[in-house]
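In: I would like to see how this sequence folds:
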Amino acid sequence: MTEQEYIIRFENATLANENFTLKDINLQIRKGEFTYLIGKTGTGKSTLLRAIYADIPLQEGAAEVCGYNITKIKKRNIAMLRRHLGIVFQDFQLLQDRSVFDNIAFVLRATGWKNKQAINERVMRVLEEVGLADKVSTKIFKLSEGERQRIGIARALANEPELIIADEPTGNLDPITSEQIIRLLMDICEKKETTILIATHDYVMIDKYRARIIAIEDGKVVG
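Out: From the prediction side, this is the model:
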């Protein structure tokens, strides 16, 4: 497999904060792959994800994400990198007093979209993909938690990302809704060939919807 077929590549990388250090990270994730990232609380899952979208720097080694060298990435290139990414959060991080439309359109405008009709069409397209086109005018605070996470996924899809990073996307959801979210992400991976990386403790879903597993154990990234 050529280097161009990997969307995430870490080589002998080190990440650290005041609580732990991840050393000798050698990780490769292929384009279009669906992958789980597991590990106990406080072992570094979120830190690894933040390094992938260039929110924290590497201490040592090298890494490339979506064709961008993130080892010593400049601020202007971080913005460019993130146009290739979609991020889904456990706590949704939506604008509660705004409509569904406004939440997704905000992301598009922030990344350079200016044409009103194009924005409208893109918002409706991603809402159709997550099955919530009928909620376009609804305020976020009126939605169920499952619906909010679907809107979070729609927002992540807005710029047609190569890679979606989901940090505990089912952490606040009931089992039935959790299953719907995992199935939705798998469907996106399969139909759109979007790479999906999910950090999760939801071992029931992992067992039911099998995919590659990467684990963080004793300061090491395994798998």
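In: list phi and psi for N19.
Out: phi -100, psi -30 (degrees, to the nearest 10).
In: let me know how buried it is, in neighbour terms.
Out: N19 has 9 neighbours, counted by other C-beta atoms under 10 Å. (Glycine included, C-beta is placed from N, CA and C.)
In: what residues does it make contact with?
Out: For N19, the contact set (C-beta atoms under 8 Å, 6 or more residues apart in numbering) comprises G42.
In: check the one 3 residues further on too.
Out: For L22, the contacting residues are A13, T14, L15, A16, G44, T47, L48, I216, G219, K220, V221, taking C-beta under 8 Å, 6+ apart as the criterion.
In: checking my notes, it in a strand, right?
Out: Yes - according to DSSP: H, G, I helix; E, B strand; the rest coil, L22 belongs to a strand.
In: pLDDT score assigned to E3?
Out: We have a pLDDT of 54 for E3.
In: what strand or helix carries R9?
Out: Taking DSSP states H and E as the criterion, the element that holds R9 is strand 6-16.
In: mean confidence for that strand?
Out: 95.
In: repeat for stretch 139-146
Out: Mean predicted lDDT for stretch 139-146 stands at 96.
In: point out the other helices and strands that the strand holding R9 packs with.
Out: Contacts defined by 3 or more C-beta pairs under 8 Å, 6 or more residues apart in numbering; DSSP states H and E place strand 6-16 against strand 21-30, helix 45-52, strand 60-65, strand 195-199.
In: hmm, 10 Å instead?
Out: Applying 3 or more C-beta pairs under 10 Å, 6 or more residues apart in numbering; DSSP states H and E, we find strand 6-16 packed against strand 21-30, helix 45-52, strand 60-65, strand 163-167, strand 195-199, strand 220-222.
In: looking at the ones you listed, which is closest to Y36?
Out: strand 195-199 (5.4 Å; C-beta to C-beta).
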